[in-house]
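Q: Pasting a predicted model and its sequence here:
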Amino acid sequence: MLILLRNFLITLVSFFAVDILWLGLVARTFYRNQIGFLLAPRTNWLAAGLFYLFYLVGLSYFVLYPALAQGSWQAVLLNGCIFGFMAYMTYDLTNLATLKDWPALLAVVDIAWGTVLTGVTALLSYWVIGLF
């Protein structure tokens, strides 16, 4: 059980390290320009925390642990990218289909980012876990 917790924490730190660079430094202005009119004045940290918890549990269960069992960094990278693509694509295309004025450019960029973020997180986590 402690190994699972350690591996989850490694994945959590990996995800935040990569995502904070994107959201905080690279794309902050882009997102504000695209959907600033939809953004809440304050972040709902409970909802954000639940997303991160469940997303990373899913990433660990469906991508990371099977790749660790196989000993395959290629599998973790490929399946991490697929997992990220499917999740972010579902979110963005649903928003594009149902929300008035959801920007198509944002959907494309966000899907690409989710794909890269999740693949890199999975690979980085796989590598760090391998050090133990």
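A: That came through fine.
Q: The residue nearest the centre of the chain: which element?
A: With distances taken as Cα atoms, centre = their mean, Thr118 lies nearest the centre of the chain, 4.6 Å away. Applying DSSP states H and E as the criterion places Thr118 in helix 104-130.
Q: now that helix, how far from the chain's geometric center?
A: Between the centre of helix 104-130 and the centre of its chain there are 6 Å (Cα atoms, centre = their mean, to the nearest Å).
Q: report the angle between the axes of the helix or strand containing Leu59 and helix 104-130?
A: Assessed by DSSP H and E, Leu59 sits inside helix 45-59. Helix 45-59 runs at 60 degrees relative to helix 104-130, counting by axes from the mean of the first three to the mean of the last three Cα atoms, to 10 degrees.
Q: how far does helix 45-59 sit from the chain's center?
A: Relative to its parent chain, helix 45-59 has a centroid offset of 10 Å by Cα atoms, centre = their mean.
Q: For it, buried residues please.
A: By neighbour count on 16 or more other Cβ atoms under 10 Å, the buried set for helix 45-59 is 55-56, 59. All C-beta atoms are positioned from the backbone trio N, CA, C, and that covers glycine.
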